[in-house]
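Undergrad: coords below, sequence missing:
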């Protein structure tokens, strides 16, 4: 069973919980995601994701003016990326679906 870590992230003075884990195959890919979730003003929602090599991942990150490209090479990298993106999606869906009273 994978360990899920809770972290606190600050963005523009707003803090929110981020969930992180290591996805392991023949490499280790760390993924993390979180969001402020529902807000009265929909444009004020903050969302954060992180994908990081924590060991042996054949990954190249190419920053661009309007985004970022990730290039991974290898079967293990494909598998850990798929599992990591599923984790990110679940964390963001859970944050989106939170109900505040």
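TA: Thanks, I have the structure now. It should be emphasised that the depicted structure is a prediction, and the values quoted were computed from it without experimental measurement.

Undergrad: Touching, residue 33 and residue 18? I think so.
TA: Yes. If you go by C-beta atoms under 8 Å, residue 33 and residue 18 touch, sitting 6.6 Å apart. To be clear about C-beta, it is placed using only N, CA and C from the backbone, and glycine gets the same treatment.

Undergrad: Show me what the longest strand along the chain is in contact with.
TA: Identified as the longest strand of the chain according to DSSP state E is strand 14-24. Strand 14-24 has contacts (C-beta atoms under 8 Å, 6 or more residues apart in numbering) with 2-9, 28-37, 44, 46, 48, 50, 54, 80, 83-84, 87, 91, 95.

Undergrad: Neighbouring strands - and their directions - for that strand?
TA: For strand 14-24, the paired strands and their directions (DSSP bridges) are strand 5-11 (antiparallel), strand 28-35 (antiparallel).
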